[in-house]
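> sequence plus the predicted model coming up.
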Amino acid sequence: MSPLLRVDKLVTGIGAARVVDGVSFDVAAGETYALLGESGCGKSMTALSLMRLLPDGGRILSGHVHLGETDVLALPERDMRRIRGGQMAMVFQEPMLALNPVIKVGDQIGEALSLHQGLGGQAAHDAARALLDSVGVPDAARRLDSYPFELSGGLRQRMMIAMALAGEPSLLIADEPTTALDVTIQAQVLDVLRNLRAKRRMGMLLITHDLGVVAENADRVGVMYAGELLEEGARDAFFAAPQHPYSRMLFEALPRTGDAGRLTTIAGQVPRLDAHLRGCRFAPRCPFAIARCRAESPGWQELGGQRVRCHLAGSLPAGAVRERVAHPVAEHPPQPLLQVEGLKVFFPIRRGLIQRTVGHVRAVDDVDLTIQAGRTLALVGESGCGKTTVGKALLRLIEPTAGTIMLGGETLPAKNMPTLRRQAQMVFQDPFSSLNPRMRVADILLEGMDALGVGARGERRGAVARLLNQVGLPDDAGGRYPHAFSGGQRQRIAIARALAVSPRLVICDEPTSALDVSVQAQILNLLKDLQGDLGLAYLFITHNLAVVEYLAHDVAVMYLGRIVEQGQAGAVLRTPRHPYTQALVSAVPRIEPHTGQTIIRLAGDQPSPLNPPVGCHFHPRCPHASAVCRQTYPERTDLGGGHWVRCHWVAAQD
């Protein structure tokens, strides 16, 4: 039986660059084929080539793409419109950009139903509602009349999936469908995709850089680098013994449970594809490369059911290349650096001609935190729970409604802003948005020093050079603009800017959420090195629990503006007690199977902080909720060792 999709020696060019260079693979009906690799490797361009949706200047130079018996590349555009969305559909990485912001969701799905199934009127409305029901959208009838901006990230991604399914395609291409989603929403979306694939016998091309997502969803895996496939095989064989050095280093870059060793990083970057490339494209970054690797491009070799392009395939040394160094453990706990009590941030809701206040969004509602010098407190939870608002309120970027903030034993009122700015800084989630694109890097670093009078004026240029070296940037980086750097390098610039005024506390807001695992490893190693060298304390805001266990000493779990569980990282993540924490830990995609662990999937989305539920805020989604949960908010239950939880169910058990 012939495969559903056959791609043979596909070559795609943009200008002088061959962004896809001789790629061949196939996808069977009912199978998920995962394309894995770093950003810039050509994964998305491969998908856009299959859909014939290349950007301006892009063109397919050679190769063949067959969907069933149809030669996709030979079709005129008129016929391709019927294939695109009808037989082959795509879920794009960023649904807010892919959905039309000024057209209701129901009308956008109806457009696809009209084009591919000829439905209109009430029939299209009923079919759209059925599609939303099939992808698990709650209150589907009401959501049809919503605009994309009124929906959460998880709901927008489900709308994209529903729209892609409107034409009943035989092949679904999912391009990083869960990259920016919380682990709980990511788990829901992936469950939807798995169920739909099984029910409809669809083939699926899954594009991702998340090895955990691949491990839990793929049947076969292709590893892509610099426009070429380097390795291909069945999922189980690939995860048991990756053969290419690049694949191995991707695994080694992942934080592992119970391993505090230094993460493996991949030196350098993916090469420019418009350059003249000789030999193996990974050779300049490969620790095992020999002269032949730099002169001769390797061909495919078969190894135990896997295919690999490597001259050294089968002869690479076994075992990991990571240097394992344990965290130093302090004999006596250090003094608290940051103490927060009763922090509240309420945003007023104003309506009417005179903008009368009619309610408040309780973004942060009575939060207590303590961070000790030289330690990391991770603040975790779903998007919208108030994590970033806490970070901004601590720096008075958002004015708190109530509460006290003490830094180094000193209460910080609004009049003491210079002291706060000197001692506490923030690294934002998106470095490209937070760095001024019209300023050179040296001027960006000097700006904080000049504003706060750090050091003598004549010594600041020298301090900039030391900062760049400290965060691993080249000496000439100071004279360049932010757009000239990769995402990982821009994040290093943001870290250098935070360090420029010699702070004692750094608030890191999702600093690795959009990075490849190899770049993420570089940033995590850097943060750990800086903490060891400078004694920094971190408030690390994230929803990536694998990163939390690697970097953090303590964890606070936040839900709908309140802390529901807190304690040492090992205790909270390995033996979570609150049902919400248990669901977060369960939802994390892992490369190891969930042996002996019950998979928990939360129903619905987080309630609105404008109108939080009475009683425990989590009770509408909690499998253990009882009558008392719906009536009163739980008090703290002390579990010992600094580990506590707010949960009636846990209190009753203990």
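Good, I have the coordinates. Just so it is clear, the structure is predicted and the values come from calculations on it, not from any experiment.
> what about the stretch 401-550 of the chain, any weak spots by pLDDT?
By pLDDT under 70, the low-scoring segments of the stretch 401-550 of the chain are 412-416, 514.
> all strands of it, in order?
Here the stretch 401-550 of the chain has its strands, by DSSP state E, counting those that start in this stretch, at 402-407, 410-411, 424-427, 505-509, 537-542.
> list of residues touching stretch 19-33?
The contact list for stretch 19-33 (Cβ atoms under 8 Å, 6 or more residues apart in numbering) reads 3-13, 42, 45-46, 49, 58, 63, 170-171, 197-198, 201-206, 217-222, 224, 226-229, 232, 273. Quick note: C-beta positions are derived from backbone N, CA and C, even for glycine.
> at 7 Å what do you get?
3-13, 42, 45-46, 49, 170-171, 197, 201, 203-206, 217-220, 222, 227-229, 232, 273 (Cβ atoms under 7 Å, 6 or more residues apart in numbering).
> buried ones among the residues you listed?
3-7, 10-13, 42, 45-46, 49, 170-171, 197, 203-206, 217-220, 222, 227-229, 232, 273 (16 or more other Cβ atoms under 10 Å).
> just these: which are in helices?
45-46, 49, 197, 217 (DSSP state H).
> gap between the residue nearest to the spatial centre of the chain and residue 388?
The chain has residue 513 as the residue nearest its centroid, 3.9 Å off, counting by Cα atoms, centre = their mean. Going from residue 513 to residue 388 by Cβ to Cβ, to the nearest Å gives 11 Å.
> same question, residue 41
Going from residue 41 to residue 388 by Cβ to Cβ gives 30 Å.
> just to revisit the earlier point, for the closest residue in space to the residue nearest to the centre of the chain that isn't next to it in sequence, what are its contacts?
Leaving out its chain neighbours, the residue that sits closest to residue 513 by Cβ to Cβ, 6 or more residues apart in numbering is residue 429, at 6.2 Å. Residues in contact with residue 429 (Cβ under 7 Å, 6+ apart) are 509-511, 513.
> which parts of the stretch 51-200 of the chain are strands?
Using DSSP E, counting those that start in this stretch, the strands of the stretch 51-200 of the chain run over 58-67, 70-71, 88-91, 171-175.
> in JSON lines, list those strands along with mean pLDDT and distance to residue 341.
As requested, these are exported to JSON lines (pLDDT from 0 to 100; distance: least, Cβ to Cβ, whole Å):
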{"stretch": "strand 58-67", "mean pLDDT": "94", "distance to residue 341": "56"}
{"stretch": "strand 70-71", "mean pLDDT": "94", "distance to residue 341": "66"}
{"stretch": "strand 88-91", "mean pLDDT": "92", "distance to residue 341": "45"}
{"stretch": "strand 171-175", "mean pLDDT": "92", "distance to residue 341": "45"}
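> between those, which gets nearest to residue 459?
Residue 459 lies closest to strand 171-175 among the strands of the stretch 51-200 of the chain, at 48.3 Å (Cβ to Cβ).
> which residues in the stretch 551-654 of the chain form helices?
569-574, 579-587, 648-653 (DSSP state H, counting those that start in this stretch).
> go through those helices and pick out the most buried.
Mean neighbour count (mean count of other Cβ atoms under 10 Å) peaks for helix 579-587 among these, with a mean of 23.
> residues touching it, excluding its own?
Contact with helix 579-587 is made by 183-184, 186-187, 380, 545, 557, 559, 564-565, 572-573, 576, 597, 599-600, 602, 618, 622-624, 647, 649, as judged by Cβ under 7 Å, 6+ apart.
> show me where pLDDT drops low in the stretch 1-150 of the chain?
In the stretch 1-150 of the chain, residues with pLDDT under 70: 1.
> if you set the cut-off to 80 instead, what comes out?
For the stretch 1-150 of the chain, the stretches with pLDDT under 80 are 1-2, 93-97, 136, 138-139.
> how about the helices in it?
Along the stretch 1-150 of the chain, counting by DSSP H, counting those that start in this stretch, helices occupy 43-51, 77-83, 95-98, 105-117, 121-134, 140-143.
> repeat for the stretch 301-450 of the chain
Taking DSSP H, counting those that start in this stretch as the test, the helices found in the stretch 301-450 of the chain are 387-394, 417-423, 431-434, 441-452.
> does residue 61 touch residue 13 like I think?
Yes: with contact defined as Cβ atoms under 7 Å, residue 61 reaches residue 13; the gap is 5.1 Å.
> give the buried subset of the contacts of helix 579-587 as a ChimeraX selection command.
With 16+ other Cβ under 10 Å as the criterion, this ChimeraX line picks the buried residues out of the contacts of helix 579-587:
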select :183,184,186,187,380,545,557,559,564,565,572,573,576,600,602,618,622,647,649
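> residues contacting stretch 97-112, please?
Under Cβ under 7 Å, 6+ apart, the answer for stretch 97-112 is 85, 92, 124-125, 128, 131, 143-149, 156, 159-160, 162-163, 166-167.
> give me the pLDDT for residue 595.
Here, the pLDDT recorded for residue 595 equals 53.
> separation between residue 116 and residue 52?
From residue 116 to residue 52 the distance is 17 Å (Cβ to Cβ).
> from the contacts of residue 429, keep the buried residues only.
Buried among these by 16+ other Cβ under 10 Å: 509-511, 513.
> contacting residues around residue 90?
By Cβ under 7 Å, 6+ apart, the contact list for residue 90 reads 47, 51, 164, 173, 175.
> now, which of these sits nearest residue 284?
The nearest member of these to residue 284, counting by Cβ to Cβ, is residue 47 at 26.6 Å.
> contacting residues for the nearest residue to the closest one once chain neighbours are set aside?
Excluding the flanking residues, the one nearest residue 47 by Cβ to Cβ, 6+ apart is residue 173, at 4.9 Å. Applying Cβ under 7 Å, 6+ apart to residue 173 gives the contacts 47, 50-51, 90, 205.
> how about the residues you listed in CSV, adding distance to residue 424?
What follows is those, written out as CSV (distance: Cβ to Cβ, whole Å):
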residue, distance to residue 424
47, 43
50, 48
51, 47
90, 43
205, 45
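> farthest-apart pair in these, please.
Spatial extent of these (Cβ to Cβ) is set by the pair 51 and 205 at 10.4 Å.
> so where do the helices sit in the stretch 151-300 of the chain?
With DSSP H, counting those that start in this stretch applied, the stretch 151-300 of the chain shows helices at 153-165, 183-200, 211-217, 235-240, 245-252, 291-295, listed in chain order.
> chain center to the second one, what's the gap?
Which is helix 183-200. 17 Å (Cα atoms, centre = their mean, to the nearest Å).
> now tell me what touches it from outside.
Applying Cβ under 7 Å, 6+ apart, the contact partners of helix 183-200 are 30, 32, 135-136, 153-154, 157-158, 161, 165, 174, 177-178, 181, 202, 204, 213, 217, 382, 543, 545, 583-584, 587-588, 601-602.
> try the fifth one
In this structure, residues lying in contact with helix 245-252 by Cβ under 7 Å, 6+ apart are 211, 223, 225, 230-231, 242, 264, 266, 282, 286, 288, 310, 316, 320-322, 517-518.
> these in strands, which ones?
The strands, defined by DSSP state E, take in 223, 225, 230-231 from these.
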